[in-house]
Structure formats: structure tokens, C-alpha cells
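Colleague: Next input, structure requested:
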Amino acid sequence: MSDHLPSTARKPGLTSSAPSVVAAELDPPTPRKRKAPGPRHEDKRVAILRTAAQLFADNGYEATSLDKIADQLGMHKATLYHYVSNKESILYQCLVLSFGNLDAVMSEMEDRSVPPLQRLRQFAHSLALAQNNVFGRCLVLVGSRPLDMMPGGEIRQFQRRLDETVRALIVEGIADGSIKPCHPGLVSSMLFGSLNWVPRWYQEGGKLSIEQVVDSFMDVLTSGIAAPRR
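Modeller: Okay, the predicted model is just below:
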């Protein structure tokens, strides 16, 4: 993906679509066969990840220990290990959750019955919504560099697909005449660069909603790349 988007490590056994959480990361290994986690277990796991993502974004990854996460949740550290294996797996799962439904959104971008510029605007809205929740802020503010020493690159591959989706829309628009000739890579970098900055300053409850912010950004971007009407 664009250089400004962080990379990370690949977990064994994942596909090239949106990364999925490996079961071994959720619970410590055990020699006995265990029942699948129930809804209450999953709710607690997501609550842990949500709290950790907030702490990572607010205080930094290195400054946030498992002890601090457990304290914030009001639980013992030993109990925390029942749901997660280590801090790296917590960050990985937070980054996975940050992508939300973007995998499906990328598939929708292949629908050529919708004009490229309109699809580009739809993509920007979906990306902004994914980036401006607690998990998205974690991805933007912390990134995946703490996971760089782990093998693979699943999240980097997913981010590259996001970049390729935008570039493909630009190329398609140039081909059909709706977008004037330009450098698809530069336009993609401009789009991601502007949207990646929003979680650093945006506050919910302000004068503008996320949708309004994105519309303003896209008005400027599309006015610059749209071909003149004939």
C-alpha cells in the first residue's frame, strides 16, 4: 500500500483477504479438547481489545503494559491471559478489527455500473468510518511496526490491496474519460494521506460529522482530477 501506511507481520494460515484472528491467539494451548467460546467469552475478548486499542492510541504501544490493560479493565493479569496470549497478539487482533468491512467494500468497487468517481467517494467514506473508531485510531496512531519482527506480512498485503483498489478506480476513470490524465499512485497517496490524518484531530460531537469531513475532502480531490464536462 502507500508508503505512509504501516506494515506488519503475517500470521500462519491466513488468506489474502481481510486478516482473520487465529484461534491459537485467543486462548492458551491446552492438551484437552475445549468447547468453542460462547458469546460471553467473545464479548469479553472484544471488550479487552477495545480497551487495549484505546490505551495503545492514547499512551503509545510501548508505554501500555498488560498490567495497565488489566488494571483498566478491573481484572487480574492472570484472567487476561485466559482471553489473549501476549501484547503482540492483542495489537494484531486490534489491527485486524480496524479493517471492518473494507474487504467487502473493495469487492463492491469492481461494479462498473457505478461511475469511477462515485465509487471513489464511496470508498473514501467506508475507509474514513473504519479509521475513526477505536480500532481504526489504533491502526493510524500506533501502526504495525511493533509487529515487524514477526514473520509474514498479512496486514501489509491487505493495505496494498486498498491502495490497488484506489489506483484501479483512477485508471478506469482515465480510460473512460471521466478523470483527466494523472498519476494514479500520487492520487492514491493524496487520498490516504488526507484520510489517515483525520483520526489525529477529529473529535466526535464537533461541528462536522465524519461523513461531512470526507465529503469536503472528496469535493476538493475530485474537482482536481475530474475531466472537464463536454
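Colleague: Show me where this structure has its helices.
Modeller: Under the criterion DSSP state H, the chain contains helices at 23-26, 39-59, 66-73, 77-80, 87-98, 102-108, 116-131, 134-142, 154-176, 184-201, 210-225.
Colleague: Out of those, the one nearest residue 148 is which?
Modeller: Nearest of the helices of the chain to residue 148, taken as Cβ to Cβ: helix 154-176 at 9.5 Å. Bear in mind the C-beta positions are built from the backbone N, C-alpha and C, glycine included.
Colleague: ok, back up a step: please tabulate the helices of the chain in TSV, including the columns mean neighbour count and mean pLDDT.
Modeller: Output for the helices of the chain, formatted as TSV (neighbours: other Cβ atoms under 10 Å; pLDDT from 0 to 100):
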stretch	mean neighbour count	mean pLDDT
helix 23-26	14	40
helix 39-59	17	89
helix 66-73	16	95
helix 77-80	13	91
helix 87-98	23	90
helix 102-108	16	92
helix 116-131	20	94
helix 134-142	23	90
helix 154-176	20	93
helix 184-201	17	94
helix 210-225	15	93
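Colleague: Same list (those) but as TSV, adding distance to residue 148.
Modeller: Below are the helices of the chain laid out as TSV (distance: least, Cβ to Cβ, whole Å):
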stretch	distance to residue 148
helix 23-26	18
helix 39-59	16
helix 66-73	20
helix 77-80	24
helix 87-98	11
helix 102-108	22
helix 116-131	21
helix 134-142	13
helix 154-176	10
helix 184-201	19
helix 210-225	30
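Colleague: neighbouring contacts of stretch 131-143?
Modeller: Identification of contacts with stretch 131-143 by Cβ atoms under 8 Å, 6 or more residues apart in numbering yields 6, 8, 49-50, 53-54, 56-57, 60-61, 91, 94-95, 97-98, 100, 130, 195-196, 198-200, 202, 210.
Colleague: at 6 Å what do you get?
Modeller: 6, 50, 53-54, 56-57, 61, 94-95, 97-98, 130, 196, 199, 210 (Cβ atoms under 6 Å, 6 or more residues apart in numbering).
Colleague: same question, stretch 162-179
Modeller: Residues contacting stretch 162-179 (Cβ under 6 Å, 6+ apart): 1-2, 106, 109, 116-117, 119-120, 181, 184, 187-188, 191, 225, 227.
Colleague: please redo it, this time with the cut-off set to 8 Å
Modeller: By Cβ under 8 Å, 6+ apart, the list of residues contacting stretch 162-179 reads 1-2, 5, 102, 106, 109, 112, 115-117, 119-120, 123, 127, 180-182, 184-185, 187-188, 191-192, 225-227.
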